[in-house]
Each structure stands twice: as C-alpha cells, then as structure tokens.
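J.: Got a predicted structure here, sequence first:
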Amino acid sequence: MEEAEKEYKKISEKIDSRHKAMKASYAKIMADAQAIASRVCKTSIFELSKSFEKGIDDLRNRFGTPST
C-alpha cells in the first residue's frame, strides 16, 4: 500500500507541475494576444478614420459642398 501511495504522490506532483506550466503558458499567450489585438485596433481605427475622411473630402469636392 505504501508503494501505491508513493506512486500516487509522484503522479499527482507531475500533474500539478504540468498544470502550473500550462497555466503560465496560457497567461503568456493571452497577454500577447491582448497586446496584439490592442495594437491592431488602434492602427485599424486610425486607418479607417483617415480613409473615411478622404472619402468625405472626395464627395465634398465632387459635389461642391464646402467643409464645415
């Protein structure tokens, strides 16, 4: 029985160790993903804004509407 308990403890420690490694890996992946998503959103929103401004200016020029 004592050997079974030792084996159980050894397996339990391995599982715990792998669980901690997976948790740390997941946290790093999520942090990287959030940083990338934030950077993409900021860049994309800025680019879309500039594109819309250009489109509006083109329409104003085409129809002779002064900008306000």
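T.: Sure thing, it's come through.

J.: just the helices in the protein please.
T.: 2-63 (DSSP state H).

J.: for it, which spans come out with low pLDDT?
T.: 68 (pLDDT under 70).

J.: Could you rerun that using 80?
T.: Within the chain, the segments meeting pLDDT under 80 span 1, 67-68.

J.: For residue 67, the count of nearby residues, please.
T.: Other residues near residue 67 come to 7 when the count uses other Cβ atoms under 10 Å. Just so you know, the C-beta spots here come from the backbone N, C-alpha and C atoms, and that holds for glycine as well.

J.: what sits against it?
T.: Counting by Cβ atoms under 8 Å, 6 or more residues apart in numbering, residue 67 touches 57, 60.

J.: 10 Å instead?
T.: Residue 67 makes contacts with 56, 57, 60, 61, as judged by Cβ atoms under 10 Å, 6 or more residues apart in numbering.

J.: No further questions, thank you.
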